[in-house]
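Chemist: The following comprises the amino acid sequence and a computationally predicted model.
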Amino acid sequence: MKKILLVDDSAEFCSFMQEFLETHGFDVITAQDPLEGITLFRKSMVDLVITDLKMGEIDGIQFMTLIQESYPEAKVIILTSSESEEDEFRSLDLKADEYLKKGTSLKIILKRIMRVLEQENKDSEEVLFSKREGLTIKKRTRQVYKDNELVVLTRKEYDLLVMFLRNKNRVLSREVIFRSVWNKESQLVDSRVIATHIKQIRAKLSLTSLYNIRGVGYEWAE
């Protein structure tokens with residue numbers, strides 16, 4: 001199930017869109033201001049962000065900029081009532097995946113959301129890199145190269161590595177890692193399981209970019 005973060009200062013609009021999207025099979029979390037949205041984005045593994053533009057002290061453009069600074073690959077749709085051509089230009093200049101006006105039919109909004117998420121699936125066929133670590137990952141064949149030499153990883157080690165490279169400079173909690181890689185919901189995450197796998201990845205690939213954030217989880221800093 002794809003997870004969407006919806007950020008809009010209208011609680012009524014958030015509730016309406018959340019109900020609509022959930023009836024079409026999405027997991028939706030909402031925030032009424034950008035600061036709350038940033039907190040939720042950093043805590044949750046989301047596949048898509050949908051944000052308004054005109055919101056209190058931080059507008060949607062600033063919110064989008066802050067997200068992209070820590071996660072350049074984030075998928076973002078602007079959904080706004082703004083009639084400003086400058087707003088649309090700035091949004092597209094920041095490479096928003098879609099710019100939609102409130103009042104657009106729900107059928108069209110849903111179609112655009114699906115298009116953006118399908119593009120994410122196409123991107124997953126590409127190659128992931130870490131210049132700092134000399135890593136190349138060919139996702140189609142699940143091959144990992146360190147300084148152009150093939151390194152064999154277990155399935156979980158590979159899944160962990162891909163997750164970190166797709167979330168560079170973003171702190172991932174142990175709970176998020178456990179749900180994403182082990183596909184399990186748990187209130188009591190055995191941190192030793194995650195730590196053991198990360199220790200093995202570090203050893204096999206001689207990593208210096210993967211840090212333990214005490215009491216929280218891990219971060220790939222690059």
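Modeler: Arrived safely. Numbers count the residues shown, from 1 in each chain.

Chemist: Roughly how far does the residue lying farthest from the centre of the chain sit from residue 177?
Modeler: Here the chain reaches farthest from its C-alpha mean at residue 149, the gap being 29.0 Å by Cα atoms, centre = their mean. Per Cβ to Cβ, to the nearest Å, residue 149 is found 27 Å from residue 177. Placement of C-beta: from N, CA and C, glycine included.

Chemist: One more: residue 10?
Modeler: Applying Cβ to Cβ, the value for residue 10 to residue 177 is 33 Å.

Chemist: Where does the residue nearest to the spatial centre of the chain fall, secondary structure wise?
Modeler: The residue lying closest to the centre of the chain (Cα atoms, centre = their mean) is residue 46, at 4.7 Å. Assigned by DSSP states H and E, residue 46 belongs to no helix or strand.

Chemist: surely it meets residue 30?
Modeler: No. Using Cβ atoms under 8 Å, residue 46 is not in contact with residue 30; the gap is 11.5 Å.

Chemist: tell me the pLDDT at the closest residue to residue 173 other than its chain neighbours?
Modeler: In space, not counting the residues next to it along the chain, residue 173 is nearest to residue 217; the distance is 4.2 Å by Cβ to Cβ, 6 or more residues apart in numbering. For residue 217, the pLDDT comes out at 91.

Chemist: which residues touch residue 217?
Modeler: Applying Cβ atoms under 8 Å, 6 or more residues apart in numbering, we find residue 217 in contact with 171-177.

Chemist: Who does it form a beta bridge with?
Modeler: Note on residue 217: beta-bridge partners by DSSP bridges are residue 173, residue 213.

Chemist: where does the chain have low pLDDT?
Modeler: 70-73, 120-126, 183-189 (pLDDT under 70).

Chemist: One more pass at 50, please.
Modeler: Counting by pLDDT under 50, the chain contains low-confidence ranges at 185-187.

Chemist: What ranges does it have for its strands?
Modeler: In the chain, the strands defined using DSSP state E lie at 3-7, 27-31, 48-51, 76-80, 98-101, 127-130, 135-138, 143-146, 149-151, 172-173, 210-213, 217-220.

Chemist: Flag every buried residue along the first one.
Modeler: Buried residues in strand 3-7, defined by neighbour count with 16 or more other Cβ atoms under 10 Å: 4-7.

Chemist: now that strand against strand 27-31, angle please.
Modeler: Strand 3-7 and strand 27-31 are oriented at 20 degrees to each other (axes from the mean of the first three to the mean of the last three Cα atoms, to 10 degrees).

Chemist: who touches strand 3-7?
Modeler: Residues outside strand 3-7 that contact it (Cβ under 8 Å, 6+ apart) are 14, 17-18, 21, 26-34, 36-37, 40-41, 44-52, 55, 60, 63, 113.

Chemist: Out of those, which end up buried?
Modeler: Among the contacts of strand 3-7, those classed as buried by 16+ other Cβ under 10 Å are 14, 17-18, 21, 26, 28-32, 34, 37, 40-41, 45-52, 55, 60, 63, 113.

Chemist: neighbours of residue 181, just the number please.
Modeler: 19 (other Cβ atoms under 10 Å).

Chemist: Same check on residue 11?
Modeler: 10.

Chemist: Check the gap between it and residue 116 for me.
Modeler: 25 Å.

Chemist: try residue 191
Modeler: With Cβ to Cβ as the criterion, residue 191 and residue 116 are 34 Å apart.
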